[in-house]
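Engineer: sequence plus the predicted model coming up.
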Amino acid sequence: MVTQEQRRRQLAREKFLRQQQRRTSARRKSRMRNSVIASVLGVIVIGSIVLYTTNFLKGDDKANASSQTTPSAAPSASKAPDPCAKPAAGKVAKLSWKKEPAMTIDTSANYTMKLATTCGDIGIALKTAAAPHTVNSFDFLAAKGYFDHTKCHRLTTNGIYVLQCGDPTATGSGGPGYTIPDENLKDKSLAGGVYPAGTIAMANTGQKHTGGSQFFLVYQDSQLPASYTPFGTVDAAGLKVLKKIAAAGESTGGGDGAPNATVVINKATVTKS
């Protein structure tokens with residue numbers, strides 16, 4: 001027979017055990033919650049760094065260098081005088097194709113591309129043998145007038161140093177309607193994970209084989225993963241033009257935005273030499 005006193009002690013002991021269980025459970029949940037928060041914060045920080053680098057040069061599709069939203073917008077800096085001339089008369093052609101053009105270039109020959117811009121001419125020696133699909137596509141697009149009167153829509157001046165062009169919509173999301181394969185990603189010029197000044201390379205969506213028409217011109221050595229087809233080298237005069245554009249700054253003051261300079265490709269020409 002359990003006495004009243006024994007029953008009282010038993011109930012008190014059970015109450016104590018329940019309290020201990022609740023406290024243990026609460027501490028466990030708190031630790032889990034803090035762990036999750038720490039993990040999320042870590043992912044956000046790491047993800048922000050990765051996105052800042054890898055998304056910098058996205059283009060030619062929905063995932064593009066919509067890249068315009070990668071860094072936080074900073075207050076607009078005061079603009080330097082525009083170092084470029086007014087664009088030539090004419091309008092951007094609205095052109096699109098369903099598939100990559102057939103190979104028509106001579107892959108054993110040398111090709112050059114000239115971008116006659118409002119800021120000066122940019123001459124480029126193309127890497128035909130190493131990037132035949134890319135060079136063939138640019139030969140095709142240039143012959144169709146695809147790049148003529150298009151704006152270079154993006155300048156980065158912090159972390160990486162590039163001018164991005166080749167989008168007829170000037171939004172960072174335009175393309176020719178087709179994609180081309182990645183090429184020449186083991187180019188010796190990319191040693192050390194650096195795209196050296198004077199490199200012209202393809203932008204993409206961040207996925208393999210998603211290059212279209214958008215490209216970027218490197219005006220200062222830039223640390224980037226070897227994910228963007230390098231398909232040519234800018235000449236000395238062209239590099240001076242790029243540095244002049246970069247010196248004028250970009251629109252956000254945060255290191256990633258539209259160039260303050262009025263950079264328009266009046267005419268793009270690919271020539272076999």
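Structural biologist: All right, it came through fine. Here the structure is a predicted model, which is why all the values come from computation and not from measurement.

Engineer: the helices in the chain, which residues?
Structural biologist: Listed from the start of the chain, the chain has helices (DSSP state H) covering 4-54, 132-143, 236-247.

Engineer: and the longest one, average pLDDT?
Structural biologist: The reference is to helix 4-54. In this model, helix 4-54 has a mean pLDDT of 50.

Engineer: same check, this time on the second one
Structural biologist: Averaging pLDDT along helix 132-143 yields 98.

Engineer: just the C-alpha atoms of that helix, please, in CSV.
Structural biologist: Presented in CSV, the C-alpha positions along helix 132-143 are these (Å, rounded to 0.1, in the frame of the first residue of the first chain):
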residue,chain,number,x,y,z
PRO,A,132,36.7,27.3,-84.4
HIS,A,133,33.0,27.3,-83.4
THR,A,134,33.3,30.6,-81.6
VAL,A,135,35.3,32.3,-84.5
ASN,A,136,32.9,30.9,-87.1
SER,A,137,29.9,32.2,-85.1
PHE,A,138,31.5,35.7,-84.9
ASP,A,139,32.3,35.7,-88.6
PHE,A,140,28.7,34.8,-89.3
LEU,A,141,27.2,37.4,-86.9
ALA,A,142,29.5,40.2,-88.0
ALA,A,143,28.6,39.5,-91.6
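
Engineer: output the contacting helices and strands for that helix.
Structural biologist: Counting contacts by 3 or more Cβ pairs under 8 Å, 6 or more residues apart in numbering; DSSP states H and E, the secondary-structure elements packed against helix 132-143 are strand 111-117, strand 230-234, strand 264-272. From N, CA and C alone the C-beta is placed, and that goes for glycine too.

Engineer: since we're on Ala109, how many residues are nearby?
Structural biologist: Counted with other Cβ atoms under 10 Å, the neighbours of Ala109 add up to 11.

Engineer: I'd say it and Ala129 touch.
Structural biologist: No. Ala109 is beyond contact range of Ala129, at 9.1 Å (criterion: Cβ atoms under 8 Å).

Engineer: about what we covered before: out of the helices and strands packed on helix 132-143, which comes closest to Pro87?
Structural biologist: With distances scored as Cβ to Cβ, the stretch of these nearest to Pro87 is strand 264-272 (4.1 Å).

Engineer: alpha carbons of that closest one, as PDB, please.
Structural biologist: What follows is strand 264-272 as a C-alpha-only set of coordinates in PDB (Å, rounded to 0.1, in the frame of the first residue of the first chain):
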ATOM      1  CA  VAL A 264      28.700  51.600 -79.000                       C
ATOM      2  CA  ILE A 265      30.000  49.200 -81.600                       C
ATOM      3  CA  ASN A 266      29.300  51.200 -84.800                       C
ATOM      4  CA  LYS A 267      30.600  48.300 -86.900                       C
ATOM      5  CA  ALA A 268      32.000  44.800 -86.300                       C
ATOM      6  CA  THR A 269      34.100  43.200 -89.100                       C
ATOM      7  CA  VAL A 270      35.800  39.800 -89.200                       C
ATOM      8  CA  THR A 271      38.500  39.400 -91.900                       C
ATOM      9  CA  LYS A 272      40.500  36.400 -93.100                       C
END
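
Engineer: can you check what angle separates that strand from strand 111-117?
Structural biologist: For strand 264-272 and strand 111-117, the angle between their directions (axes from the mean of the first three to the mean of the last three Cα atoms, to 10 degrees) works out to 160 degrees.

Engineer: ok, strand 264-272: who's next to it in the sheet?
Structural biologist: strand 111-117 (antiparallel), strand 150-151 (antiparallel) (DSSP bridges).

Engineer: I'd like to know which of those lies nearest to Pro230.
Structural biologist: Closest approach to Pro230 among these (Cβ to Cβ): strand 111-117, 13.8 Å.

Engineer: can I get the CA coordinates of that closest one in CSV?
Structural biologist: What follows is strand 111-117 as a C-alpha-only set of coordinates in CSV (Å, rounded to 0.1, in the frame of the first residue of the first chain):
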residue,chain,number,x,y,z
TYR,A,111,41.2,35.8,-88.8
THR,A,112,41.0,39.2,-87.2
MET,A,113,38.1,41.1,-85.9
LYS,A,114,37.8,44.9,-85.7
LEU,A,115,35.3,46.6,-83.4
ALA,A,116,34.9,50.1,-84.7
THR,A,117,33.5,51.8,-81.5
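
Engineer: just give me the neighbour total for Thr252.
Structural biologist: A count of nearby residues for Thr252, using other Cβ under 10 Å, gives 19.
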